[in-house]
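Colleague: The sequence and its predicted three-dimensional model are supplied below.
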Amino acid sequence: MAGGRGYNFIEVVRWFAKRADLILLLFDPDRPGTTGESLDVLTRSLAGLDHKFVIVLNKVDQLDSSVDFARAYGTLGWALSKVIP
C-alpha cells in the first residue's frame, strides 16, 4: 500500500475509473509534466481506459503569451506520450 494511505490507491482508482463514463485529467501549465504517482496511475490503474480521457490544460488564461502556451502544451504532450498510446 504505497503512499501510506492504508489502502491500495492504484486498485481504488481502477475501480472508480471502470465505472465512470468520463475521466478528467487536469494539468496546470506551471507544472505540465507528470509526477511518479500520476505516471503510475496512468500506466497501471487507467490502462485500457484511455477512450474515457478528457485532458484539460487548466489555468491557460494565466499564461503571458502564446509562446508560453505552446511550451506548456508541448511539455504536457511529451510527458503524456510516454504513458498514453
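Modeller: Yep, it's here.

Colleague: Helix, strand, or coil at the closest residue to Thr43 other than its chain neighbours?
Modeller: Nearest non-adjacent residue to Thr43, counting by Cβ to Cβ, 6 or more residues apart in numbering: Val83, 5.2 Å away. Yep, even glycine has a C-beta here, placed from its N, CA and C like the rest. At Val83, secondary structure determined by DSSP: H, G, I helix; E, B strand; the rest coil is coil.

Colleague: So which elements touch the lowest-mean-pLDDT helix or strand in the chain?
Modeller: Within the chain, judged by mean pLDDT, DSSP states H and E, the helix or strand with the poorest mean is helix 36-40; its value is a mean of 79. For helix 36-40, there is no helix or strand it packs on, judged by 3 or more Cβ pairs under 8 Å, 6 or more residues apart in numbering; DSSP states H and E.

Colleague: quick one: buried residues of that helix?
Modeller: By 16 or more other Cβ atoms under 10 Å, the buried positions in helix 36-40 come out as Ser38, Asp40.

Colleague: Restricting to C-alpha, output it in CSV.
Modeller: What follows is helix 36-40, C-alpha atoms only, in CSV (Å, rounded to 0.1, in the frame of the first residue of the first chain):
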residue,chain,number,x,y,z
GLY,A,36,5.8,9.5,-10.4
GLU,A,37,2.4,8.7,-8.8
SER,A,38,0.4,10.1,-11.7
LEU,A,39,2.5,8.1,-14.2
ASP,A,40,1.9,5.0,-12.1
